[in-house]
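Asker: Kindly return the folded structure for what I paste below:
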Amino acid sequence: MSPQTSRAVFYEVAGTGAGMPLLTMHGGMGLDHSYLRPWLDDFCAHRPVIFYDHFGNGRSQPLTDGRCAATLESFVQDAETLRSRLGFERLAVYGHSFGGCIAIEYALTYPDRVAALILDSAVTSADLGEAMIASLQRVATPEQMAVFFKAFSGGIQSDTEYAEGWRQILPVYFCRYNQDHSSILKNVRFTARAFNQFAVEGFSQFRPNLGRLRPPTLVLAGAHDHIVPAGFGGPSLHAQVPQSTLHVFENSGHFPFVEEHAEYVLVVGRWLSGIDSRLRG
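Answerer: A predicted model of the protein is given here:
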């Protein structure tokens with residue numbers, strides 16, 4: 001299916017297999033779905049995979065002055081509108097980083113629509129901030145820390161400045177960064193306004209009851225993730241989520257689908273195949 005635009009969001013459906021459709025939710029905010037590709041394209045061989053840009057991000061309808069639509073509730077409704085438009089009764093939902101917030105909230109709001117949940121390096125609480133800063137200070141340069149502090153104080157003023165900031169801080173998102181990893185951002189349309197309205201303003205109340213999550217859940221974490229450090233991701237998240245399975249990538253940071261791609265495809269692919277078999281049985 002070719003790229004299209006729904007009521008609010010740009011989306012593309014790749015793959016035509018018979019497996020449970022997979023709805024992917026990118027992080028950021030102020031990024032777009034393109035950084036998930038081609039890494040997640042491997043799953044298209046067995047199922048439809050829906051890639052989309054959250055409202056106000058990437059190629060979706062932009063935010064405008066006086067209209068703050070960058071809230072968890074509005075993002076959840078965008079996802080439900082997209083599911084309905086595509087005609088899928090139920091979905092497997094994947095959330096990476098800040099996209100994990102939306103995936104969790106969607107699963108809590110529409111439990112009958114979520115057959116399975118994948119939380120990859122997911123940001124799961126507004127209480128993360130102090131732990132993230134403490135973890136970053138162990139590996140980041142003073143210049144990189146200045147970028148983080150400026151961003152989370154609402155100081156990023158333009159898309160160009162936001163893009164340059166990402167290029168400066170990208171190395172701390174990886175366990176063993178090399179220049180090839182910079183390609184993850186090559187197609188991203190950076191949107192400072194989306195970051196400021198959600199990550200800075202709209203995220204402060206997010207403290208979900210993770211124990212209420214109903215679907216089988218795969219928790220993925222990089223052992224060297226300084227964005228979602230111990231206490232918020234990995235084993236801690238696994239302990240709070242019923243019916244969850246944990247896999248820690250020992251040589252990865254915040255992007256395990258890049259750093260340990262072959263293992264990632266094997267782990268996630270097998271888990272999704274198990275979900276397919278369970279639903280068919």
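Asker: what sits opposite residue 233 in the beta ladder?
Answerer: Residues found in beta-bridge contact with residue 233 (criterion: DSSP bridges) are residue 230.
Asker: so it sits right up against residue 225, yeah?
Answerer: Yes: using Cβ atoms under 8 Å as the test, residue 233 is close enough to residue 225 to be in contact (6.2 Å). C-betas here are computed from N, CA, C, even on glycine.
Asker: hang on, residue 24 in a strand?
Answerer: Yes: Residue 24 forms part of a strand when assessed by DSSP: H, G, I helix; E, B strand; the rest coil.
Asker: quick one: it from residue 226, how far?
Answerer: The span separating residue 24 from residue 226 equals 23 Å under the rule Cβ to Cβ, to the nearest Å.
Asker: same thing with residue 120?
Answerer: Distance from residue 120 to residue 226, by Cβ to Cβ: 16 Å.
Asker: again with residue 267
Answerer: Applying Cβ to Cβ to residue 267 and residue 226 gives a distance of 22 Å.
Asker: neighbour count winner among the two?
Answerer: Neighbour count, other Cβ atoms under 10 Å: between residue 267 and residue 226, residue 226 has more, with 22 against 17.
Asker: so where's the chain uncertain?
Answerer: Where the chain drops to pLDDT under 70, the residues are 1-7, 65-69.
Asker: those helices in the stretch 1-150 of the chain, which residues are they?
Answerer: Ranges of helices within the stretch 1-150 of the chain are 72-86, 99-109, 129-136, 142-152, based on DSSP state H, counting those that start in this stretch.
Asker: Do you have the strands of the stretch 51-200 of the chain handy? List them.
Answerer: Assigned by DSSP state E, counting those that start in this stretch, the strands in the stretch 51-200 of the chain fall at 91-96, 114-120.
Asker: Switch these over to TSV; also include mean neighbour count and distance to residue 251.
Answerer: Below are the strands of the stretch 51-200 of the chain laid out as TSV (neighbours: other Cβ atoms under 10 Å; distance: least, Cβ to Cβ, whole Å):
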stretch	mean neighbour count	distance to residue 251
strand 91-96	28	18
strand 114-120	26	16
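Asker: Now distance to residue 274 too, for those strands, in a markdown table please.
Answerer: Putting the strands of the stretch 51-200 of the chain into a markdown table (distance: least, Cβ to Cβ, whole Å) gives the following:
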| stretch | distance to residue 274 |
| --- | --- |
| strand 91-96 | 11 |
| strand 114-120 | 9 |
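Asker: residue contacts, the residue sitting nearest the centre point of the chain?
Answerer: Within the chain, the residue whose C-alpha comes closest to the C-alpha centroid is residue 96; the distance, by Cα atoms, centre = their mean, is 2.2 Å. Under the criterion of Cβ atoms under 8 Å, 6 or more residues apart in numbering, the contact partners of residue 96 comprise 24, 25, 26, 27, 36, 120, 121, 122, 257.
Asker: For residue 171, state which of these is nearest.
Answerer: The shortest separation between residue 171 and any of the contacts of residue 96 is 16.0 Å, and it belongs to residue 121 (by Cβ to Cβ).
Asker: That closest one contacts residue 228, doesn't it?
Answerer: Yes: under the contact definition of Cβ under 8 Å, residue 121 touches residue 228, with a separation of 5.4 Å.
Asker: which neighbours do these two share?
Answerer: Overlap between the contact sets of residue 121 and residue 228, as judged by Cβ under 8 Å, 6+ apart, is given by 97, 221, 254.
Asker: Put the buried members of the residues you listed into a ChimeraX selection.
Answerer: Under the burial definition 16 or more other Cβ atoms under 10 Å, those of the shared contacts of residue 121 and residue 228 that qualify are selected in ChimeraX by:
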select :97,221,254
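Asker: Adding distance to residue 211, write the shared contacts of residue 121 and residue 228 out as CSV.
Answerer: Rendered in CSV, the data for those read as follows (distance: Cβ to Cβ, whole Å):
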residue, distance to residue 211
97, 22
221, 19
254, 25
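Asker: which residue ranges form the helices in the stretch 151-281 of the chain?
Answerer: With DSSP H, counting those that start in this stretch, the ranges of helices along the stretch 151-281 of the chain come out as 159-169, 192-195, 235-240, 256-259, 261-280.
Asker: other SSEs contacting the third one?
Answerer: Under the contact criterion of 3 or more Cβ pairs under 8 Å, 6 or more residues apart in numbering; DSSP states H and E, the helices and strands touching helix 235-240 comprise strand 217-222, strand 244-249.
Asker: Which of the helices of the stretch 151-281 of the chain sits closest to residue 83?
Answerer: Within these, the stretch nearest residue 83 is helix 261-280; the backing value is 16.5 Å (Cβ to Cβ).
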